[in-house]
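**Q** Please work out how this folds:
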Amino acid sequence: MKIPTHLLFVYGTLSDAEMRSNLFAAVVPAAPATLKNYRLRSHEGFLFASPYDGSSIEGLIISLTSEQLRIADAWEDVPVYTRTKVLVTCSHRRIEACTYARPGIKGTRATSSEICSFSKEEVLLMIQDFRLKMFGGKK
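**A** A predicted model of the protein is given here:
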């Protein structure tokens, strides 16, 4: 059994339990967390975290194995998104984690209730297609 070792702050599609379990083909527990001095921005229908003093993003902390982090990076289209180290507040403690940002992209202001501009059903189909391409029907 692989032990999760990577903490990831999520705020969009990965904050939805069903989407996470479909993407990782496993249940990935989550805990509420806050990323301070960042705000949500949207570009081409997808959210990203952007530094902004005085704002905060409510999201979740998930703990991933190295393989799951590789899947998350591919899903988040790294290097289009950049995995960035941040400090988040979880259970009244400040902890270091990573999140996905888009340096150099301005975007428009967004809210966490948006998740993305696609319906949940559309995203679940995207995940299914993504997994087929990534794993060729395996796993």
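
**Q** Show me what the longest helix belonging to the chain is packed up against.
**A** With residue count as the measure and DSSP state H as the assignment, the chain has helix 120-135 as its longest helix. With contacts defined as 3 or more C-beta pairs under 8 Å, 6 or more residues apart in numbering; DSSP states H and E, helix 120-135 has these neighbours: helix 17-24, helix 66-75. No exception for glycine: its C-beta is placed from N, CA and C like everyone else's.

**Q** relative to helix 66-75, how tilted is that helix?
**A** Inter-element angle recorded for helix 120-135 and helix 66-75: 120 degrees (by axes from the mean of the first three to the mean of the last three C-alpha atoms, to 10 degrees).

**Q** any idea of the angle helix 120-135 forms with helix 17-24?
**A** Going by the same axes, to 10 degrees, helix 120-135 makes 20 degrees with helix 17-24.

**Q** For helix 120-135, list the C-alpha coordinates in PDB.
**A** C-alpha atoms of helix 120-135 as PDB (Å, rounded to 0.1, in the frame of the first residue of the first chain):
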ATOM      1  CA  LYS A 120     -20.600  18.000 -13.300                       C
ATOM      2  CA  GLU A 121     -21.700  15.500 -15.900                       C
ATOM      3  CA  GLU A 122     -19.500  17.100 -18.500                       C
ATOM      4  CA  VAL A 123     -16.500  17.000 -16.200                       C
ATOM      5  CA  LEU A 124     -17.100  13.400 -15.200                       C
ATOM      6  CA  LEU A 125     -17.100  12.500 -19.000                       C
ATOM      7  CA  MET A 126     -13.900  14.600 -19.400                       C
ATOM      8  CA  ILE A 127     -12.300  12.600 -16.500                       C
ATOM      9  CA  GLN A 128     -13.400   9.300 -18.100                       C
ATOM     10  CA  ASP A 129     -11.800  10.400 -21.400                       C
ATOM     11  CA  PHE A 130      -8.700  11.600 -19.600                       C
ATOM     12  CA  ARG A 131      -8.200   8.300 -17.800                       C
ATOM     13  CA  LEU A 132      -8.700   6.300 -21.000                       C
ATOM     14  CA  LYS A 133      -6.000   8.400 -22.700                       C
ATOM     15  CA  MET A 134      -3.700   8.300 -19.700                       C
ATOM     16  CA  PHE A 135      -4.000   4.600 -18.900                       C
END
